[in-house]
Structures are given as C-alpha cells and as structure tokens.
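*Asks:* just coords:
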C-alpha cells in the first residue's frame, strides 16, 4: 500500500532534515582539507545519505510492524528530497564553496557570484532550463524548507526564506521580468577582533578600544552600507564578551550564529522574526522579539540589524539598565545614523517624534562605529575597514551632541590623530576595565 500525501510530505521533510546535517558536516570536513565537492559529488553523496535513511526507515518499520516502503515510494521520496537540495545542484555547488558570499540570479543563464575577496563573476553555464524551472525550485523550497510553509505565487510574489545551511534566500516574481533570486550566505565564522585587525579592518589602537568598549558595557551601534562588514564586526565584538554573559540576539534572519559557538557562548538565545503563514496569521515582528527578549533576563540584548520600529524598544531597554547592547544599522556615515534612527522611530506605534528620539538616543547610546567597503573602479577586490568612531555625549536644543573620537586617516582607516578627545565619563568607564588613552 502506497503512502498518503500527508505521510509522503512528512517523510520528505524528515529525510531532508537528516541528510542536510550529515551532508553539511561532510562538506565542511572536505573544505578543511582544502578539497571542494562539485555538483556530481554532492548528488552522489546525497543519494548515499538518502539510501541510509531508507535503511533506518525499514528497520523502524520492522520493529513497529509497519509495511515497508514500496519501490515506487522510495523513488518518489528520493526525487523529492533531491529536489529540495536548495536551488538545484548548480546552486548547491556554490553554497558549498566557502569563498562565496552572495548569489544573484536574474534568470536561468544570468547568475552572478560575489566572493569574500570582493570579486564578482558570472557563471559560464545556466543553472536551469527556463524561468518556470526556477519558479518550481523556489515554490518547492517555500513549501518544505522553512519552519512553516510559505507561498510563492501570484498572491505572494515575494519570498524570504532561511535555507537549511543558514543562508537567506529572497525571491520575487510577477513585479519583474521572470524570477529573480538573491541568496546571502552566512558562513558564521568565529571571527575575533584580532582576526579582523590582522585582516586590515582596523588598527591595533581601534581593536583595543573596541574590546574595552565591550568590557566596559558601552552601548554601541555599528553603521555602514550594505556588505560593508557590519555583522562581521558585531560578531567580533560579541566574541569579546565573557562566557558568563547571557546574550539574547534578535534578528530578521539568523546571521550572527552565536548560538552555534557553545564553548565561547554557552548561554545564548537566538530569536528570529517570522512572517505570517499562508492564512495571514502568526507574524512575529522584530519589535515583538525585542520586547520579549527583555523578559528573558539578558546580560546583553543585541539586534542583528535595526530596520524599523524595533529601535524604540531597543533604545528604551538601553536606558533601563541593559547596558552592553550592540546592533547594526544601514547608514552612509557615523553622523548619518541619527537621521536614520529618527526615521525608524517614526514607524513605531505610536510614532516617536524626532525630538523625542534624539533625547532617547542621547540617553541610550555611547558609540557609533562606522565601517566602509572600498571597491576600486577597476573591479579588483576591495577593503572593509572601520573608518570612524563617534561618541554620543549628550543632548542640546539643536540635537544630539557627539565627538568623533576616531577619524579617517590617510589610508581611510580610523585613527585617533586629529580627533576629538573622549568625554571624562567615557574615559572613566573605560579605565575601570584597564584601558588608557592613546
């Protein structure tokens, strides 16, 4: 007797979940040896893992007295699980490549790959035969890969989905020509400030200052443009936190990955916003999560990226004793952060007026750390670096008062030479953790 559709779907989800973890572990082990698995290798590995799963199912069935799966059922299951490999084997190969950071798909034969060294290349081969095939991949992923079933159709032409490896997929149709897909791959390295300093992202003086800022429990927002390294720096700063800290992170989609660093951060709660389900209910916003996070006894409450009304909850938390918080925000300069926060606060319910937001920011924030991504016109790999650090010192009738305590130096990186001195209040807090002025 064959499987019902409900049983079939349940088994597809189960087998896919099992083989994803095993396959990811195998890919990582090969990568550590400097070896790279191609599409054919990934397919063969997946087939072997699926056959192992069928063996486990058979043994469970014998013990429970159930009928074994038919050959047709196994063939259908294998095909469905393989189809859930992400976006086909071409994309699987890219997801397994440790140098790839972003994938932009503008059609079956227009695929652009962005790598960690800043380079951008176009695939020489198509990843699908048609837009219809691309759409089927996305629809299948929406139905089975997320924590809840998502739609991708005329009624819901945009999809945000976290893939099993932690990557974030965004797909859109109907409002554009064909199907467009962007995949942001989160490698979640265990980056340290020392590693970032060694890579040229900051000078030793800036590295020591940021480490002291974390230990002094200053409230910090990291600003920068898209792909400038904001999350990487936030992760590096959070890795300066003592292992005894209870850290609650709030993200639109998981990127920080502190919950995967059990030895470094044993007490972490990672919260992720959720869209409404196919019935239009069940949405959990970032504001909801920040409000809930503050009830979880956090030592530090951190937002992956501030994008809207959640900034009000976060700033209020900072003024009520939740010091040591970190978050990121999209802005083109350290000074431009304040206008961005005021715009986001206007999205709150009820909206917060700019003057009130300015007062709240002045009370809550201690530092703005700005990062930049320098991309040369010749297309060569660019640099990511800390270019400015601004201290928030208070509020005046004209607005927020700040000191730029690190300014861009000759190479663009932040330096204390020619910058304003820190306020006595901040100097005293840093001195308590052993930091002294440059």
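*Replies:* On my side now, so go ahead. Remember, it's a predicted structure, so these values are computed and weren't measured experimentally.
*Asks:* now the spatially most central residue of the chain, what's its secondary structure?
*Replies:* The C-alpha lying nearest the average C-alpha coordinate of the chain belongs to residue 255 (CA atoms, centre = their mean; 2.3 Å). The three-state assignment at residue 255 reads coil, by DSSP: H, G, I helix; E, B strand; the rest coil.
*Asks:* can you give me the helices for the stretch 201-350 of the chain?
*Replies:* 204-215, 230-238, 286-293, 310-319, 337-345 (DSSP state H, counting those that start in this stretch).
*Asks:* Can you say which of those is nearest to residue 196?
*Replies:* Among these, helix 230-238 comes nearest to residue 196, with 5.1 Å by CB to CB. For glycine as for every other residue, the C-beta is placed from the backbone atoms N, C-alpha and C.
*Asks:* and residue 308, how many neighbours does it have?
*Replies:* Residue 308 is flanked by 16 other residues according to other CB atoms under 10 Å.
*Asks:* What does it show for phi and psi?
*Replies:* Here is the backbone geometry of residue 308 (degrees, to the nearest 10): phi -170, psi -140.
*Asks:* Look up how far residue 416 lies from it.
*Replies:* 34 Å (CB to CB, to the nearest Å).
*Asks:* same thing with residue 181?
*Replies:* From residue 181 across to residue 416, the span is 44 Å (CB to CB).
*Asks:* Looking at those two, which has the bigger crowd around it?
*Replies:* The neighbour count for residue 181 versus residue 416, taken as other CB under 10 Å, is higher for residue 181 (24 against 19).
*Asks:* about what we covered before: you'd agree the residue nearest to the centre of the chain is up against residue 302?
*Replies:* No: if you go by CB atoms under 8 Å, residue 255 and residue 302 don't touch, sitting 11.4 Å apart.
*Asks:* separation between the spatially closest residue to residue 243 that is not a sequence neighbour and residue 10?
*Replies:* Distances taken as CB to CB, 6 or more residues apart in numbering place residue 266 nearest to residue 243, at 6.1 Å, with adjacent residues excluded. Computed as CB to CB, the residue 266 to residue 10 distance reads 34 Å.
*Asks:* which strand of the protein spans the most residues?
*Replies:* Using DSSP state E, we find that the single longest strand of the chain is strand 383-396.
*Asks:* Kindly provide the distance from residue 294 to residue 301.
*Replies:* For residue 294 relative to residue 301 (CB to CB), the value is 6 Å.
*Asks:* okay, residue 7: pLDDT?
*Replies:* pLDDT recorded at residue 7 is 82.
*Asks:* now swap in residue 379 and tell me
*Replies:* pLDDT, residue 379: 61.
*Asks:* wait, isn't residue 326 in contact with residue 222?
*Replies:* Yes: counting by CB under 8 Å, residue 222 is a contact partner of residue 326 at 7.0 Å.
*Asks:* who touches both of those two?
*Replies:* Common contact partners of residue 326 and residue 222 (CB atoms under 8 Å, 6 or more residues apart in numbering): 234, 237.
*Asks:* Sketch out the low-pLDDT regions of the stretch 1-150 of the chain for me.
*Replies:* The stretch 1-150 of the chain contains residues with pLDDT under 70 at 1-2, 20-21, 24, 28, 31-32, 34, 36-40, 83-90, 92, 143-149.
*Asks:* Residue 400 belongs to a strand?
*Replies:* Yes: per three-state DSSP, residue 400 lies within a strand segment.
*Asks:* Quick check: it touching residue 392?
*Replies:* Yes: if you go by CB under 8 Å, residue 400 and residue 392 touch, sitting 6.4 Å apart.
*Asks:* all strands of the stretch 51-200 of the chain, in order?
*Replies:* Assignment of strands within the stretch 51-200 of the chain using DSSP state E, counting those that start in this stretch yields the ranges 100-105, 111-115, 120-122, 158-162, 168-172, 180-184.
*Asks:* could you give the mean pLDDT of the fifth one?
*Replies:* Per-residue pLDDT over strand 168-172 has a mean of 89.
*Asks:* in that strand, what counts as buried?
*Replies:* Residues of strand 168-172 classed as buried: 168, 169, 171, 172 (neighbour count, 16 or more other CB atoms under 10 Å).
*Asks:* got it, and the last one?
*Replies:* By neighbour count, with 16+ other CB under 10 Å as the criterion, the buried positions of strand 180-184 are 180, 181, 183, 184.
*Asks:* try the fourth one
*Replies:* Of the residues in strand 158-162, 159, 161, 162 count as buried by neighbour count, 16+ other CB under 10 Å.
*Asks:* hey, what's the first one bridged with?
*Replies:* Under the criterion DSSP bridges, residue 159 forms beta bridges with residue 171.
*Asks:* residues contacting it?
*Replies:* 138, 142, 150, 151, 152, 169, 170, 171, 172.
*Asks:* Rebuild those residues as CSV, extending it with distance to residue 195.
*Replies:* Below are the contacts of residue 159 laid out as CSV (distance: CB to CB, whole Å):
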residue, distance to residue 195
138, 35
142, 36
150, 36
151, 41
152, 38
169, 28
170, 29
171, 33
172, 35
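*Asks:* quick one: which of those is nearest to residue 376?
*Replies:* For these, the nearest to residue 376 is residue 170 (27.5 Å; CB to CB).
*Asks:* isn't the closest one right next to residue 160, touching?
*Replies:* Yes: with contact defined as CB under 8 Å, residue 170 reaches residue 160; the gap is 5.5 Å.
*Asks:* so where do the strands sit in the stretch 301-438 of the chain?
*Replies:* Using DSSP E, counting those that start in this stretch, strands in the stretch 301-438 of the chain cover 326-330, 367-374, 383-396, 399-408, 414-415.
*Asks:* Note down every partner strand of the fourth one and its orientation.
*Replies:* Within its sheet, strand 399-408 is paired with strand 383-396 (antiparallel), strand 414-415 (antiparallel), according to DSSP bridges.
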